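Novice: predicted structure and sequence below. I'll ask about it afterward.
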Amino acid sequence: MGIAAPVPLREDHDCTSFHSGEDSLDHWLQQRAREGQSRGAARTFVSTNDDREVIGYYALSAGAVMRESAPGNLRRNMPDPIPVIVLGRLAVDLRYQGSGLGSALLKDAMLRALNASREIGAAALVVHALTDDLRDYYARFGFVEYPEGARTLYLPMKTIAAALV
């Protein structure tokens, strides 16, 4: 079975059989992603199999972090609030977990965030991990938890640029 590169979610993508093992992520894709996209709240990018079933996805949106709550290396010479891009969701269908699809989706999200930051300005990619395991997953890619123990992590755009270019 082939896996398609991530593209923006469209009406012809089949989300009904998506099952990641995390009900909130499944529900969001199946019930809210298209609405959020039509309202301009988030953009959802999906990978599909040969049957056009969504097998992995992530969502990006614009956000901001209050300067006083940001770590020193992120707030230095930045406005208040600090513009960021939020990785709101990232999930892989159970059938494809462990295949490297999650890492590929994260890399694609990082690249899209970097490209967007070059057009509109954003200091970092921010994610709010649902679990400690997911916090550890993002940390393996260089995301830094701040504040410690909060499961909010960030990756400066400068770090992304150095890693992907």
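Specialist: Thanks, I have the structure now. Numbers count the residues shown, from 1 in each chain.
Novice: packing partners for the worst-scoring helix or strand of the chain on mean pLDDT?
Specialist: Taking mean pLDDT, DSSP states H and E as the measure, helix 72-75 is the helix or strand of the chain with the lowest mean score, a mean of 86. Other elements packing on helix 72-75 under the criterion 3 or more Cβ pairs under 8 Å, 6 or more residues apart in numbering; DSSP states H and E are strand 152-156. The way it works is simple: take the backbone N, C-alpha and C, and place the C-beta from them, glycine included.
Novice: the strand it packs on - contacts with which helices or strands?
Specialist: helix 72-75, strand 124-128, helix 132-139, strand 144-145.
Novice: specify the beta-bridge partners of the residue nearest to residue 4 when sequence neighbours are not counted.
Specialist: Nearest residue to residue 4 in three dimensions, chain neighbours excluded: residue 48, at 4.8 Å (Cβ to Cβ, 6 or more residues apart in numbering). Residue 48 has these beta-bridge partners by DSSP bridges: residue 54.
Novice: helix or strand for residue 110, which one?
Specialist: Assigned by DSSP states H and E, residue 110 falls within helix 101-120.
Novice: touching that helix from outside, list them.
Specialist: 3, 5-6, 45, 47, 55-58, 60, 62, 83, 85, 87, 90, 92, 122-123, 125, 137-138, 141, 155, 157, 160-161, 163-164 (Cβ atoms under 8 Å, 6 or more residues apart in numbering).
Novice: that helix to strand 152-156, inter-axis angle?
Specialist: 60 degrees (axes from the mean of the first three to the mean of the last three Cα atoms, to 10 degrees).
Novice: quick one: helix 101-120 to helix 132-139, angle?
Specialist: Going by the same axes, to 10 degrees, helix 101-120 makes 60 degrees with helix 132-139.
Novice: taking the mean pLDDT, what do you get for helix 101-120?
Specialist: When pLDDT is averaged over helix 101-120, the result is 97.
Novice: buried residues of that helix, list them for me.
Specialist: 101-102, 104-106, 108-114, 116-117 (16 or more other Cβ atoms under 10 Å).
Novice: now find how far off-centre that helix is within its chain.
Specialist: From the chain centre to the centre of helix 101-120 is a distance of 8 Å (Cα atoms, centre = their mean, to the nearest Å).
Novice: where in the protein is pLDDT low?
Specialist: Across the chain, the ranges flagged by pLDDT under 70 are 1, 165.
Novice: related to what we said a few turns ago, can you tell me which of the helices and strands packed on strand 152-156 is nearest to residue 14?
Specialist: Among those, the nearest to residue 14 by Cβ to Cβ is helix 132-139 (25.4 Å).
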